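Visitor: Give me a 3D structure for the following:
(chains A and B)
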Amino acid sequence: MKYMLLIHQGDSPTPRSPEDWARLSEEEQQAVFADYQAINETPGVSSGLQLQDPETATTVRVQDGRALTTDGPFVATKEALNGYLIFEADDLDAAIELAARVPAARLGGAVEVRPIVEW
Amino acid sequence: MVAILEETFRDEWGRVLASLIGLLGDFDRAEEATQEAFAIAAERWPRDGVPDNPRAWLVTTARNRALDRIRRERTFEAKARELGVPDAWEDELDDLDATTIPDERLELVFTCCHPALALDVQVALTLRTLGGLRTEEIARAFLVADETMAKRLVRAKHKIKAAGIPFRVPPAHLLPDRLDAVVAVVYLIFNEGYTHPPTRGDLASEAIRLGRALAELMPDEPEVHGLLALMTINDSRRTARFADGAVVLLRDQDRSLWDRDQIATGRAALERALALRGRGSYVLQAAIADLHAEDPPDWPQIAALYGELARLTGSAVVELNQAATIERRATPRPRSRWPTASTSTATTTCTRPVPSCCAGSAGSTTPAPPTSARWRSSTQTPSAASSNNGWLSSAAERRSSLALARRVAVVEHQVVAVGVAEQRHVTDAGVEGVAGELDALGLQLGARRGDVVDVQRRVRVALRGELHPHLLRLPDPEARVADPELELRAVVRPQAERIDVEAP
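Guide: Below you'll find the predicted structure:
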């Protein structure tokens, strides 16, 4: 089965916000990098991509044939997607275990596990 | 014949369905085939007689039906590969007997109790698949419409399939977490049978069977043995519990009707749990149930165990039971060996005088903002004062302890029932209204501020839908306090009663 792991940073500190990032000790910061690297090297993981901040998003709607754009993500900024990866696994348990290793999940964010439709 | 069929349905549904799911890897397909097999049995067995091995017959028939259906879908080749059906499978059908059918109900129960499913869904699904309850029966237990429950079950089965929830007993590193949910669900099934013995008695036996299987599978897990002990000891009184359709209180039961073998089995399981240093909620409840089997019961020890249980679970119902135990001690029966000396550590505090005019009307009044001086300064609330090893010494304290526990349980029950009935679409204002009532109530009864806040927190959680499965099926407040201490029914009055608190 293929799963998409949708990574929501929520309140978790990231290097993009130096002030928040500094809340973590150096050891914790290193652990975050190491954990993401280990996840990307896990067999079955592919297409792991990090997105730019939700503030950089542009949301497009079409009304009466015209494209209307709004500044920002479709959902609230705090709830916006920050990254994702695809994981090919035997079952949901394996996907949950991988999701639990994503640093965002333990630092105030969350990871949503969604099965991908396969034809 | 209808009765035999009904009995077979109860006995075999879970096993047959589990076998089919194990084979097909698909809940819907398996359920469909199992239902078909039971329907064919209903038609043929009255005419041709019940086969020697009903289970093998049902599994074989269900397998055949599933196979037919898959063939009809014309993509059999692809499906068979996809589903992992072995090529030689058809040849094996004739050789089927009961010994070749593995019991896969544990796989099924762990799948149904998977944490990726909401708690109420776990309970419903387990009752449906293993317990063999009909959708409308589960709906009744959940206080929701049949249609709502049917949709819930459909969504659950869809999620199991679409999200890839595995059909297996979890690996060792996942087992402890998964076990808690399974144990809670099995106990719920037990109570479903235990509290409705004429119609659902099989479920109690079914739950005990499942509990035994869990104990075999996880021999080093004390809570599983605790669960088995609790269910077995309670079940030993099943015959004595009902007379002419009415509940017989524990103290009035004919003890000669108790199943001594079951009590012995239950005690063995309890001893195993204690030997494993078990001190979880099921072990404690089993120990309490066991102490009740003695004549006369050891009330001080029972109250102490309730104290431990209350600390562990934070349950108002447990506090209520404990308060009632204390009440029992206060009104001893003749010939009882009651403890004579008070060992209280809470006797120096007095409850704050409460004008009787405002007692029992908490819901309609807005309390003055509580200040620390108005709250009990004791480290123990009246209702919790007897936990640890202490006893309440003054009659007034006993009364207020019991009254608070009663009211808390009653209010909690009411709000939970309302929350469930309205499918938990409770507004924040509603939640805060209830919290306010509890505040006023605690103020009147002189409860410690922190404990009232704690009860409010629990009620908020309950109202906002994060219900523990034990709270899900609560037709009346008595049910909360029903087992194993039925005698407490004598103390606990129905919810409508006003409880007036006298000034000491």
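Visitor: contacts, neighbours, all on C-alpha from now
Guide: Will do.
Visitor: Worst mean pLDDT across the helices and strands of the chain, which element?
Guide: Answering for chain A, as no chain was given. For chain A, counting by mean pLDDT, DSSP states H and E, strand A:45-50 ranks last in confidence among helices and strands (a mean of 80).
Visitor: hmm, I had chain B in mind actually
Guide: The least trusted helix or strand in chain B, going by mean pLDDT, DSSP H and E, turns out to be helix B:469-472, with a mean of 34.
Visitor: rewinding a little: quick one: the least confident helix or strand of chain A to chain centroid distance?
Guide: 10 Å (C-alpha atoms, centre = their mean, to the nearest Å).
Visitor: any residues touching it, and which ones?
Guide: Residues outside strand A:45-50 that contact it (C-alpha atoms under 8 Å, 6 or more residues apart in numbering or on different chains) are A:39, A:40, A:82, A:83, A:84, A:85, A:86, A:87, A:88.
Visitor: In space, what's closest to the second one - neighbours in sequence excluded?
Guide: The one in question is residue A:40. Nearest in space to residue A:40, with sequence neighbours left out and distances taken as C-alpha to C-alpha, 6 or more residues apart in numbering or on different chains, is residue A:48 at 6.6 Å.
Visitor: can you count the residues close to that neighbour?
Guide: Residue A:48 is surrounded by 16 other residues when neighbours are defined as other C-alpha atoms under 10 Å in any protein chain shown.
Visitor: what does residue A:40 give?
Guide: Each residue near residue A:40 was counted by other C-alpha under 10 Å, and the total is 18.
Visitor: ditto for the one 10 residues further on
Guide: By the other C-alpha under 10 Å criterion, the neighbourhood of residue A:50 contains 12 residues.
Visitor: ok, what's across the strand from it?
Guide: For residue A:50, the beta-bridge partners under DSSP bridges are residue A:83.
Visitor: okay, now the domains of chain B?
Guide: When chain B is parsed into structural domains using automatic domain parsing, the resulting residue ranges are B:2-100, B:106-304, B:305-330+B:383-504.
Visitor: Compare the mean pLDDT across those domains and name the weakest.
Guide: Across the domains of chain B, the stretch with the lowest average pLDDT is domain B:305-330+B:383-504; it has a mean of 47.
Visitor: Get me the contact residues on the stretch 51-200 of chain B for chain A.
Guide: Remark: the part of the stretch 51-200 of chain B in contact with chain A comprises B:162, B:163, B:164, B:165, B:166, using C-alpha under 8 Å from any C-alpha of the partner chain.
Visitor: among the residues you listed, which are in helices?
Guide: Counting by DSSP state H, the part of those found in helices is B:162, B:163.
Visitor: could I get the residues of the stretch 51-200 of chain B next to chain A as JSON lines with distance to residue B:62 and neighbour count?
Guide: Written out in JSON lines, the entries for those read as follows (distance: C-alpha to C-alpha, whole Å; neighbours: other C-alpha atoms under 10 Å in any protein chain shown):
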{"residue": "B:162", "distance to residue B:62": "23", "neighbour count": "16"}
{"residue": "B:163", "distance to residue B:62": "25", "neighbour count": "22"}
{"residue": "B:164", "distance to residue B:62": "24", "neighbour count": "20"}
{"residue": "B:165", "distance to residue B:62": "23", "neighbour count": "22"}
{"residue": "B:166", "distance to residue B:62": "22", "neighbour count": "21"}
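Visitor: Closest one of the residues of the stretch 51-200 of chain B next to chain A to residue A:102?
Guide: Within the set of these, residue B:163 lies nearest residue A:102; the separation is 19.4 Å, counting by C-alpha to C-alpha.
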